[in-house]
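Asks: below: sequence and its predicted model.
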Amino acid sequence: MKWRVDRTVSVGLNNLMPEPTESSQQDAQKKPLRDLVDRTADTVKKRPVNSIVWSFFIGIFLTIFPIGRIVGALVSLALALLRPALMLLGVVRLFEEVERRRK
């Protein structure tokens, strides 16, 4: 038994459904990034050689210095210090609760 799909119905339903619209809050959040991209594109169009030289030296800098390892080490350090910090916070809260009940 073969199933037959009526394409006119599905097209008709798609026409009835509204298109998703972006909220004004999302537009406001994207505006600074969009402005930065537009300014960068204008700068690259005005001075392409300067942009190529800068991108070359930034690429060399990122290759020489292990930025990923530095960020990874900082994240590891933060996570290692998180457990003692949470324990200390719990002890302080426990001490405050004991003092509050004594009064």
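Replies: Thanks, I have the structure now.
Asks: below-threshold pLDDT in the chain: ranges please.
Replies: Scanning the chain for pLDDT under 70 picks out the ranges 1-27.
Asks: how is it partitioned into domains?
Replies: Using automatic domain parsing, the domain parsing of the chain gives 24-65, 66-103.
Asks: and stretch 30-46, how far from the chain's centre?
Replies: How far stretch 30-46 lies from its chain's middle: 19 Å, per Cα atoms, centre = their mean, to the nearest Å.
Asks: break down this protein into its strands, ranges please.
Replies: Counting by DSSP state E, the chain has no strands to list.
Asks: for the biggest helix by length in the chain, the distance to its chain's centre please.
Replies: Using DSSP state H to define each element, the chain has its longest helix at helix 67-102. Relative to the centre of its chain, helix 67-102 is centred 25 Å away, using Cα atoms, centre = their mean.
Asks: reformat the domains of the chain as TSV; add mean neighbour count.
Replies: Heads up, the C-betas are built off the backbone N, CA and C, glycines and all. Below are those laid out as TSV (neighbours: other Cβ atoms under 10 Å):
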stretch	mean neighbour count
domain 24-65	10
domain 66-103	10
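Asks: I'd like the distance between G90 and R69.
Replies: G90 sits 32 Å away from R69, going by Cβ to Cβ, to the nearest Å.
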